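Q: The following block contains a protein sequence and its predicted model.
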There are 2 protein chains.
Amino acid sequence: MSEPLQQLKGRMAQITRLGQAASLLGWDQQTYMPTGAASARSEQAATLSQLTHEMFVSAEIGDLLGRAEAESRGEDPDGDTVRMLAVLRRDYDRSTKIPADLVAEFARHGALSQEIWIRARAASDFNAFAPALEKMLDLTRRQAEHLGYKDHIYNALLDAYEPGAKHADIAAMFTDMKPHLVALTRQIADHGAPVDDAPVHGEFPIEKQKALTLQVIAALGYDLTRGRQDEATHPFCSNFSRDDVRITTRFNAGFLPQALYASLHETGHALYEQGSPAEFEGTVLAGGTSLGVHESQSRLWENLVGRSRAFSRYLFPKLQETFPGAFS
Amino acid sequence: MSEPLQQLKGRMAQITRLGQAASLLGWDQQTYMPTGAASARSEQAATLSQLTHEMFVSAEIGDLLGRAEAESRGEDPDGDTVRMLAVLRRDYDRSTKIPADLVAEFARHGALSQEIWIRARAASDFNAFAPALEKMLDLTRRQAEHLGYKDHIYNALLDAYEPGAKHADIAAMFTDMKPHLVALTRQIADHGAPVDDAPVHGEFPIEKQKALTLQVIAALGYDLTRGRQDEATHPFCSNFSRDDVRITTRFNAGFLPQALYASLHETGHALYEQGSPAEFEGTVLAGGTSLGVHESQSRLWENLVGRSRAFSRYLFPKLQETFPGAFS
């Protein structure tokens, strides 16, 4: 390995780990953090985001990246090193456009908004959350202006989730899909008597749901020695390495599918992250390639597998065993 | 506020928050982290410790500190600013003697040792832990050599916990105490029939112990909106600001005092940290002044309060209510 490449990888591994610590701040806030800690947490999130950003956009990284690129010229364009440098170049050029204080403000406001949202949601009070959301949109627009864009402001933002995708492509895709989806929905509605979902409403003690969902997600291949499931107001998957990929779910004691399908969905994300190659750890190649691919994995397990007849045949005896009253 | 002082405080607040994130990595490892994540966590701990150290021992901090000290000359020597600068000077002069790679190795080895210790403890297998402990002692000795010392190597290490205390003072204190303690222990042993502790051995379901300990520590003034209690192999108190002070305890379903007195002890630490003045946040004045003072607080609540007759009168009806069989 060339010297600039080696130095670059070492520095990027540090930056990655700092980012992982920032992710843990976020996971903790949504799972176990006491509510009174929100203000301090927002400052911690701001500091770590700012430091991670400053380390990444430094002249040192720019210099090492340029030298590593020069030395890799002529190498296999599909090799891991060349692809890693390409992703790094894309991220570097993107990040250097955004001022560090905006990065910090984003993280600070995100952490503060989380607590406001949770309180507003519990009270079904959108007005309590609206100002925080408005500010988040404002910060997001400022970010897009720094990044620059053609045709549509959303192109600047979409690029972070689906590299190269354009607002016009996505709009065309939804326009194409809409008539088919509307027709399908109408067909289902016109079909007559809806499916009777009474059995999944009732009393499903949360401790039993926890045990059931853990059993099912482990059976799907989710390695719980390198992951765990907790409760959160909104289900999510977060990871701090391929060996620490955690999901959350939301339990509703009166409606079984809530936690069950949230767990299946997040397990899809988790399986993807746990399967990321060990040799990519600490580099920009680790983890998912894009939000679209990530969501394809979560929905594969939630819907194509989870809602299939074959999976239901597997699940049903477990439901009967766990909740004998409801499924006898 | 002078400009150097203001800049120094801003930079120290960043460093403090980075250190708080490092502390969260440690708390998480001891409470919820999946075991498979130990290796990745050790690298995260190493990175954050190294970055925190590098930021702190930087020429920038040294320069700002020197200028702030110069500008504060003549101010009230017991004022918060002068005292803050004095503590910072002591910490700075100490930290600059220790190389960053040793700081990183300490954190890395500490995180890895934690997992080795937990497995060895579960198997009552000291030999499995001995090499990790040996390496920790070696790293500690190297740290002491970098710090430098007179008379005894432990003086270099003791200074971090009890600023200014000397090995000879501590040794003299224990030598003075020993005959009295031995005599007292002998007196108790010779007193005849030991106290019957049968009622605290038995069956104490852990969920009930959790509820009881939470009720008791809240009654002592532990603000659970700015703290929480979890389980860990070894009870500890950790904080990530004065508004996020967490304790852990260890439950033994067959022996009630284990969790109860561990909770009281850690609550003593937590009350001290939660009571740290808000205006000290993000500075070296936040939190406890020394390990000795900290331990005085934990033992005050565990022993002077917790084992008093007055407290037992308060506790007994709660024990009867929670475990009617054992305390009827």
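A: Cool, the structure landed. Numbers count the residues shown, from 1 in each chain, chains lettered A, B, ... in the order given.
Q: surely A:His167 meets A:Asn155?
A: Yes - using CB atoms under 8 Å, A:His167 makes contact with A:Asn155 at a distance of 5.2 Å. In this view, the C-beta of every residue, glycine as well, is placed from N, C-alpha and C.
Q: Those two - which one has more neighbours?
A: A:Asn155 (20 against 17; other CB atoms under 10 Å in any protein chain shown).
Q: hang on, that one packs against A:Tyr149?
A: Yes - counting by CB under 8 Å, A:Asn155 does reach A:Tyr149; the two are 4.4 Å apart.
Q: how many neighbours does the residue lying closest to A:Ile118 once chain neighbours are set aside have?
A: Using CB to CB, 6 or more residues apart in numbering or on different chains and skipping the chain neighbours, the partner closest in space to A:Ile118 is A:Thr233 (5.4 Å). Number of residues near A:Thr233 (other CB under 10 Å) recorded here: 14.
Q: residue boundaries of the helices in the stretch 201-328 of chain A?
A: A:206-219, A:257-274, A:291-299, A:309-322, A:324-327 (DSSP state H, counting those that start in this stretch).
Q: any idea which of the ones you listed is most buried?
A: Scoring the helices of the stretch 201-328 of chain A by mean neighbour count under mean count of other CB atoms under 10 Å in any protein chain shown gives helix A:257-274 as the most buried, with a mean of 24.
Q: Only alpha carbons, please: show that one as CSV.
A: Presented in CSV, the C-alpha positions along helix A:257-274 are these (Å, rounded to 0.1, in the frame of the first residue of the first chain):
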residue,chain,number,x,y,z
PRO,A,257,-48.3,-6.0,13.8
GLN,A,258,-46.9,-2.7,15.0
ALA,A,259,-43.8,-4.2,16.7
LEU,A,260,-43.6,-7.3,14.6
TYR,A,261,-43.3,-5.7,11.2
ALA,A,262,-41.2,-2.8,12.5
SER,A,263,-38.8,-5.4,13.8
LEU,A,264,-38.7,-7.3,10.5
HIS,A,265,-38.2,-4.0,8.6
GLU,A,266,-35.3,-2.9,10.9
THR,A,267,-33.8,-6.3,10.8
GLY,A,268,-33.6,-6.0,7.0
HIS,A,269,-31.5,-2.9,7.5
ALA,A,270,-29.4,-4.7,10.2
LEU,A,271,-28.7,-7.8,8.1
TYR,A,272,-27.4,-5.5,5.4
GLU,A,273,-25.1,-3.7,7.8
GLN,A,274,-24.0,-6.9,9.6
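Q: what's A:Thr185 sitting at in phi/psi?
A: Per-residue torsions, A:Thr185: phi -60, psi -40 (degrees, to the nearest 10).
Q: what do you get for A:Glu281?
A: In terms of degrees, to the nearest 10, the main-chain angles of A:Glu281 are phi -60, psi 140.
Q: In contact with the nearest residue to A:Val200 once chain neighbours are set aside: list those residues for me.
A: Leaving out its chain neighbours, the residue that sits closest to A:Val200 by CB to CB, 6+ apart is A:Leu256, at 4.6 Å. Listed by CB atoms under 8 Å, 6 or more residues apart in numbering or on different chains, the contact set of A:Leu256 reads A:200-202, A:204, A:209, A:319, A:323, A:326.
Q: Pull up the residues of the stretch 201-328 of chain A that are close to chain B.
A: With the criterion set to CB under 8 Å from any CB of the partner chain, the stretch 201-328 of chain A comes near chain B through A:223-228, A:230, A:240-244, A:246, A:281-282.
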